[in-house]
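Q: Pasting a predicted model and its sequence here:
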Amino acid sequence: MSVGVLFDKVDMRYVGLAVTSVVLVAAGFAGYRWHRANKEQKAQEAFSSCMREYQRAERDPNLWPNAQLVFKLAIEQNPSSSFTPSLLAYQAETLVQMGKPEQALECMNKAVELLSTSSELYHLYATKQALMMMDAADDSTKEKGLAVLTTLANNSTNNVRDMAQYYLGLYSWVHDDIATARAVWSELLPLAEADPASPWAERAAQKLNLV
């Protein structure tokens, strides 16, 4: 079973919420200069248009190529916007849906490269990048992806650390190494009882309840 493909459309909706909150703040902060604010407004409109095509493709898989093209054009027209990393991340997902994982990873690599490590989106996109690397055809890329995911899971400053911990444990789980999965999830499980509860901790708890 593939690990990376489990970063599914539910998680992409989470990405969309993060983009809405984080990028709009960045755009507002940039408003002290009209040119920058106008540039961000156009990028925001392009992103909204792209998301409509993305949602259409979710309903009709035959439309994924069209959605991919829309994102590609938006990136070309907004190469240095605060929305560009998110446009690239969603373009990567359209390519995954089209069965083009290598091109998808290239887009995701670019998205992460454009983000500052202090960005609220950085760790989220880095986790997606790691999972895509772990789905790569060559063993070297897979190993690098696992190393990146391990680093993210052990990083106390990671704002989506619970997600990284879940997928790191899931890697062992799908390889029938339940003991290691349990060890990885041991720090995560208490968050299932937190308020609000971590959905990733809840997923881990559900799997362990099956054992």
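A: Thanks, I have it.

Q: C-terminal to the helix or strand harbouring Arg52, which secondary structure element comes first?
A: Here Arg52 is covered by helix 34-59, with elements defined by DSSP states H and E. Remark: after helix 34-59, the chain's next helix or strand is helix 64-77, criterion DSSP H and E.

Q: So what angle separates the directions of that next one and helix 34-59?
A: Taking axes from the mean of the first three to the mean of the last three Cα atoms, to 10 degrees, one finds that helix 64-77 is oriented at 170 degrees with respect to helix 34-59.

Q: Tell me the gap between helix 64-77 and the middle of its chain.
A: Centroid separation for helix 64-77 versus its chain: 18 Å, with Cα atoms, centre = their mean, to the nearest Å.

Q: could I get it in CSV with only the CA atoms?
A: This file holds the C-alpha atoms of helix 64-77, laid out as CSV (Å, rounded to 0.1, in the frame of the first residue of the first chain):
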residue,chain,number,x,y,z
TRP,A,64,-8.3,16.9,-14.3
PRO,A,65,-6.2,17.9,-17.4
ASN,A,66,-8.2,21.1,-17.7
ALA,A,67,-7.7,21.9,-14.0
GLN,A,68,-4.0,21.2,-14.4
LEU,A,69,-3.8,23.6,-17.3
VAL,A,70,-5.7,26.3,-15.4
PHE,A,71,-3.2,26.1,-12.5
LYS,A,72,-0.3,26.1,-14.9
LEU,A,73,-1.5,29.3,-16.6
ALA,A,74,-2.2,31.0,-13.2
ILE,A,75,1.3,30.2,-12.0
GLU,A,76,2.8,31.7,-15.2
GLN,A,77,0.8,34.8,-14.7
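
Q: If I look at Thr127, what pLDDT would I see?
A: On pLDDT, Thr127 comes in at 96.

Q: from what I can see it touches Leu168, true?
A: No: between Thr127 and Leu168 there is no contact under Cβ atoms under 8 Å: 9.8 Å. For the C-beta atoms, the positions are set from N, CA and C on the backbone; glycine is no exception.

Q: For the two, list the residues in contact with both.
A: Listed as contacting both Thr127 and Leu168 by Cβ atoms under 8 Å, 6 or more residues apart in numbering are Leu149.

Q: Give me the buried positions along the helix or strand hosting Lys207.
A: According to DSSP H and E, Lys207 maps onto helix 199-208. Neighbour counts over helix 199-208 (16 or more other Cβ atoms under 10 Å) mark 199-205, 207-208 as buried.

Q: ok, now stretch 128-137?
A: Across stretch 128-137, burial judged by 16+ other Cβ under 10 Å covers 128-136.

Q: cool, and stretch 67-87?
A: Within stretch 67-87, the residues scored as buried using 16+ other Cβ under 10 Å are 67-68, 70-72, 74-75, 78, 81-87.

Q: got it, and stretch 160-176?
A: In terms of neighbour count (16+ other Cβ under 10 Å), stretch 160-176 has its buried residues at 160-173.

Q: which one among the residues you listed gets closest to Gln103?
A: Tyr167 (22.2 Å; Cβ to Cβ).

Q: In this structure that closest one contacts Lys128, no?
A: No: with contact defined as Cβ under 8 Å, Tyr167 does not count as touching Lys128 (9.9 Å).
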